[in-house]
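*Asks:* Sequence plus predicted model, see below.
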Amino acid sequence: MDRPLDPRRTAMQLLENMFEVEMRFLQSGSESLYMLANASHAEVVVHEPQSLPYAGDWNGLNGIGALFRKMREIWSDVTVEGLQAAQNDDMVFMSCTLSLTSRANGATIKQLFAEVLRFKDDRLIEGTPFYHDTSEILAIPR
């Protein structure tokens with residue numbers, strides 16, 4: 001049975017934990033899905049835009065592990081700045097400035113980024129990201 005989102009965990013606490021785990025996974029070169037399980041539910045799904053090189057629905061811990069490995073191939077650095085969030089029950093709406101550095105040539109792009117996230121048991125179960133300009137992301141040489 002699903003338990004309701006712990007009202008003591010704020011949107012910012014959920015996001016800070018999620019991003020800390022994701023960034024550590026990206027930067028560490030780790031292949032351990034155990035690390036991702038600290039912030040993502042076993043049944044997680046992330047819906048990436050069809051216009052990105054890592055397009056599609058990434059299902060389960062294996063799926064998001066594969067997504068982050070694909071992102072790691074493209075980006076040498078990913079940072080999140082100016083994180084803001086609003087919460088309604090198990091839904092979190094967030095925005096930030098996303099900075100992406102190309103592994104191929106060191107070029108960095110910064111753009112607005114937003115995401116609609118759903119949490120279950122204080123872990124991400126569904127994420128739908130919205131990038132400000134996917135064509136800028138595609139223009140970065142790989």
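*Replies:* That came in fine, so what should we check first?
*Asks:* partner strands of the helix or strand where Ala114 lies, parallel or antiparallel?
*Replies:* Element membership for Ala114 (DSSP states H and E) is strand 108-120. Looking at strand 108-120 with DSSP bridges, its partner strands are strand 91-102 (antiparallel), strand 123-131 (antiparallel).
*Asks:* For the last one, buried residues please.
*Replies:* By neighbour count, and taking 16 or more other C-beta atoms under 10 Å as the criterion, the buried residues in strand 123-131 are 123-127, 129, 131. (Each C-beta comes from the backbone N, C-alpha and C, glycine too.)
*Asks:* any chance of those in CSV, plus pLDDT and distance to Asn62?
*Replies:* CSV is the format used below for the buried residues of strand 123-131 (pLDDT from 0 to 100; distance: C-beta to C-beta, whole Å):
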residue, pLDDT, distance to Asn62
Arg123, 94, 16
Leu124, 97, 15
Ile125, 98, 15
Glu126, 98, 16
Gly127, 98, 16
Pro129, 97, 19
Tyr131, 96, 24
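*Asks:* between the residues you listed, which is nearest Leu100?
*Replies:* Tyr131 (9.6 Å; C-beta to C-beta).
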